[in-house]
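Colleague: Build the 3D model from these lines:
(one chain, ligands or ions: 2)
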Amino acid sequence: MTMTTDKIRNLGLIGQRGAGKTTLAEAMAYSAGVTNRLGVITDGTTLSDYTDEEKSRQTSLNLSLLRCPWKSGKINIVDMPGHMDFTGDVLAGIAVADTIGVVINAGGGVEVGTLQFFHYVEKDNKPAFFIVNRLDKENTDFDKNVASIQEAFGSKAVPVNLPIGKANDFKGIIDLIKMKAITFDDKGKQTPGDIPADLKDDADAAREKMIESIAETNDDLLEKFFEAGTLSDEDLLTGLKSGIAKGGFYPILAAAATSNIGASSLLDFTFDYAPSPAEVPVLKAVDDDTEKEIEIPCKSADPVAVYVFKIISEQHVGDLALAKVFAGTIKSGVDVVNVQKGNERIGQMFEIIGKDRKEIDGAEAGDIVALVKLKDTHSGNSLCLKSRKVVLPIPDYPEPVMDMAIRPKAKGDDEKMGLALNKLGESDPTFKMVQDPALKQTLLFGQGPTQVDLLVEKLKNRFGVEVDLDRPRIPYRETIKGTTEIQGKYKKQSGGRGQYGDCWLRLSPLDRGVGFEFADEIKGGVIPGKFVPSVEKGVVEAMLEGGLCGAQVVDVKVTVYFGSFHAVDSSDMAFKVAASMGFKDGYIKSKPIILEPIFNITVFAPDEFTGDVMGDISSRRGKIIGMEPVGRMQRIRGSVPQSELYKYSVDLRSMSQGQAVYTRDFSHYEEVPHDVSSKLKEEYQTSKQEG
Ligand SMILES: Nc1nc2c(ncn2[C@@H]2O[C@H](COP(=O)(O)OP(=O)(O)OP(=O)(O)O)[C@@H](O)[C@H]2O)c(=O)[nH]1
Ligand SMILES: [Mg+2]
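Modeller: Ligands and ions are numbered 1, 2, ... in the order given. Okay, here's the model as predicted:
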């Protein structure tokens with residue numbers, strides 16, 4: 001029997017690294033009886049952090065699914081990484097979760113990772129609540145965390161729990177909706193009781209605040225609230241549910257995951273008050289035939305629309321496609337179309353609990369499942385019926401902020417490395433591999449050093465390819481500032497058939513970014529028309545390697561305006577060589593310069609680090625374009641030469657205690673300063689001598 005939509009809750013956990021998302025997910029799964037031990041991060045025994053790479057680093061590197069049956073339904077928990085390098089999985093998880101649980105480390109309040117990730121939640125107006133976790137730790141204070149959450153996210157974040165006791169004495173919670181004190185045994189079993197006398201006043205006051213905030217989400221309720229000074233229990237519950245569903249109210253809950261306090265009540269809260277997949281705003285997609293926007297209500301009776309949000313590729317298991325059924329009902333053996341790729345058939349289907357899985361026959365709208373043995377389906381693909389093909393929305397993945405050159409240790413492993421990286425790319429759309437023939441390097445563009453490290457580790461362990469990483473070469477360019485007229489002449493007339501080509505070229509600068517222009521101003525056939533294309537070819541070839549540092553020459557206009565030929569000895573080849581010689585000669589006389597790529601960057605940093613960040617940008621030959629406050633962070637915009645951005649994300653993190661992040665995009669080319677130019681010229685000369 002399949003689980004009906006109204007009984008399904010999809011809860012995504014996000015938050016700062018180490019806030020306790022995985023441990024909280026573990027405690028929920030344990031309380032739901034999915035596992036018979038409460039796994040521990042430091043022992044590598046949790047359900048979600050099951051890969052070797054996660055166990056050795058004691059941190060989540062991938063999103064994980066934990067299916068927890070609860071009451072008459074089930075809660076699909078999506079445990080997401082907190083590490084910025086894995087924002088890709090966070091976005092994939094947010095896309096399929098209907099409610100986001102933001103886990104806060106009670107020791108730190110709202111930290112920069114939480115701000116970064118929550119930005120994506122707010123953008124989609126997703127339902128969300130906050131869980132203040134680790135309240136069993138010394139020197140933690142629930143109220144301070146509430147203040148920090150409200151400072152960051154506004155007054156619609158309001159407690160629906162109060163903690164009972166502090167640190168070692170943290171015993172349980174007061175449920176402000178039911179007005180009960182709840183304590184937990186180590187299996188998460190709840191014992192409800194009366195609110196302790198010393199907390200009664202606090203609880204009354206907090207409940208009043210909660211009711212007022214719920215009333216504020218809805219005009220009818222607000223009117224009733226003003227009339228009666230409170231809300232009836234019925235209005236409170238409907239207001240709470242609809243307030244959460246439309247993202248108008250962010251409840252704050254209390255927990256200590258390692259002691260299993262608050263996890264089972266969190267399951268209750270999610271099941272009772274968080275929206276089912278059919279109760280969140282309707283998904284908008286694009287009709288594949290008409291290319292018009294189309295709404296996809298979450299209805300089991302509608303045509304199938306399944307979104308594959310993650311491919312898990314594990315040795316000995318094969319590929320698992322994690323997918324959300326946004327509409328329709330899927331069953332094994334049904335033919336579907338992958339809108340981006342082609343025909344597919346739904347084969348076996350599973351529910352996922354960490355690395356374990358349980359076969360199911362089918363799934364209804366709103367559910368999250370794993371599909372196996374799909375032919376050619378990647379993260380981000382949509383599976384539909386032939387009769388209604390829709391393209392489901394893909395998250396806006398962040399642009400890479402780091403590039404490295406990558407090459408196999410063993411000669412001849414290039415192809416193997418390329419195939420392996422392609423395979424890894426199917427499950428992680430946030431890195432790119434680009435072969436750059438001009439730089440003669442394969443470049444890996446990614447989100448940060450940990451992601452790159454992990455890719456290297458996977459290449460070795462899963463594909464048997466060992467690689468080295470190098471500093472990427474910079475795609476310098478060369479151009480000219482002056483105009484020169486020059487003769488290019490090639491003459492060889494000793495014995496046999498000779499060679500003769502003679503052309504006069506005018507080299508002049510073009511505006512930045514124009515590239516190359518060639519003009520033919522030959523008059524009176526001094527060079528026969530059939531040889532003019534060879535002149536252009538000779539110039540184009542010579543421009544591939546500029547005389548200063550060997551970089552591509554750009555933004556130059558070359559005009560051929562005079563020359564001579566020989567009836568027997570002239571040939572395409574001779575004119576090509578002549579033009580190439582002429583260009584090289586004229587180029588050096590035309591005030592050549594070296595250009596370097598400049599990137600625009602945007603840095604997000606907490607106030608206290610902005611001085612350091614800006615000083616560092618200047619020391620990288622960068623310019624500050626502007627700065628503006630965003631909450632308690634500053635957004636600093638600047639431009640920096642690409643050569644100075646090598647490992648910038650790493651340096652930025654270390655100068656800001658891990659709190660600053662940045663994005664970048666290519667802006668334009670600019671002349672390099674004198675010292676850089678001398679250095680590049682010298683390196684080029686040395687490399688030419690070494691051959
Ligand atoms: N004392 C205490 N420790 C906790 C609690 N929750 C988690 N921890 C510990 O905090 C550390 C990090 O916990 P994780 O569950 O890995 O946190 P996470 O948010 O999943 O971390 P990332 O996946 O790295 O972002 C582990 O050592 C946990 O044992 C808690 O409620 N109390
Ligand atoms: Mg984790």
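Colleague: Stretch 437-456 - what's its average pLDDT?
Modeller: Model confidence over stretch 437-456, given as mean pLDDT, is 91.
Colleague: for stretch 557-566, same thing?
Modeller: 97.
Colleague: cool, and stretch 41-54?
Modeller: pLDDT averaged over stretch 41-54 gives 94.
Colleague: anything in that stretch sitting right up against ligand 1?
Modeller: Yes - residues of stretch 41-54 are located near ligand 1 by CB under 6 Å from any ligand atom, namely I41, T42. From N, CA and C alone the C-beta is placed, and that goes for glycine too.
Colleague: Please apply the same query to stretch 81-88.
Modeller: Yes - using CB under 6 Å from any ligand atom, stretch 81-88 comes into contact with ligand 1 via P81, G82.
Colleague: Skipping its backbone neighbours, what lies nearest the residue nearest the centre of the chain in space?
Modeller: For the chain, the residue nearest the mean C-alpha position is G88 (3.6 Å; CA atoms, centre = their mean). Excluding the flanking residues, the one nearest G88 by CB to CB, 6 or more residues apart in numbering is T430, at 3.5 Å.
Colleague: In this structure D511 contacts V554, no?
Modeller: No - using CB atoms under 8 Å, D511 is not in contact with V554, being 10.8 Å away.
Colleague: The two - which one has more neighbours?
Modeller: V554 (19 against 7; other CB atoms under 10 Å).
Colleague: Can you give me the distance of that one to G515?
Modeller: 6 Å (CB to CB, to the nearest Å).
Colleague: Kindly report the same for E53.
Modeller: From E53 to G515 the distance is 45 Å (CB to CB).
Colleague: swap in T22?
Modeller: For T22, the distance to G515 - CB to CB - is 52 Å.
Colleague: more neighbours, those two?
Modeller: Applying other CB under 10 Å to T22 and G515 shows that T22 carries more neighbours, namely 29 against 12.
Colleague: hmm, who's touching the helix or strand hosting the more buried one?
Modeller: Using DSSP states H and E, T22 maps to helix 21-31. Helix 21-31 has contacts (CB atoms under 8 Å, 6 or more residues apart in numbering) with 13-15, 35-41, 46-49, 60, 64, 66, 68, 75, 77, 79-80, 82, 101, 103, 131, 133, 187-189, 255, 257-258, 260, 263-264, 266-267, 353.
Colleague: before we move on, the earlier item: ok, the residue nearest to G88 touching E399?
Modeller: No - contact between T430 and E399 fails when scored by CB under 8 Å: they sit 9.0 Å apart.
Colleague: Select the longest strand from this structure.
Modeller: strand 592-606 (DSSP state E).
Colleague: Render the CA-only coordinates of that strand in CSV, please.
Modeller: C-alpha atoms of strand 592-606 as CSV (Å, rounded to 0.1, in the frame of the first residue of the first chain):
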residue,chain,number,x,y,z
PRO,A,592,52.7,45.4,-27.6
ILE,A,593,51.3,44.9,-24.1
ILE,A,594,50.1,41.9,-22.1
LEU,A,595,46.5,41.7,-21.0
GLU,A,596,45.2,39.8,-18.0
PRO,A,597,41.6,38.6,-17.1
ILE,A,598,39.9,40.6,-14.4
PHE,A,599,37.1,39.1,-12.3
ASN,A,600,34.3,40.9,-10.5
ILE,A,601,34.0,39.5,-7.0
THR,A,602,31.3,39.8,-4.3
VAL,A,603,32.4,39.0,-0.7
PHE,A,604,30.0,38.4,2.1
ALA,A,605,31.7,39.0,5.5
PRO,A,606,30.7,39.7,9.0
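Colleague: Now do the helix or strand just after it, average pLDDT.
Modeller: Proceeding N to C from strand 592-606, the next assigned helix or strand is helix 610-619, under DSSP H and E. Helix 610-619 carries an average pLDDT of 96.
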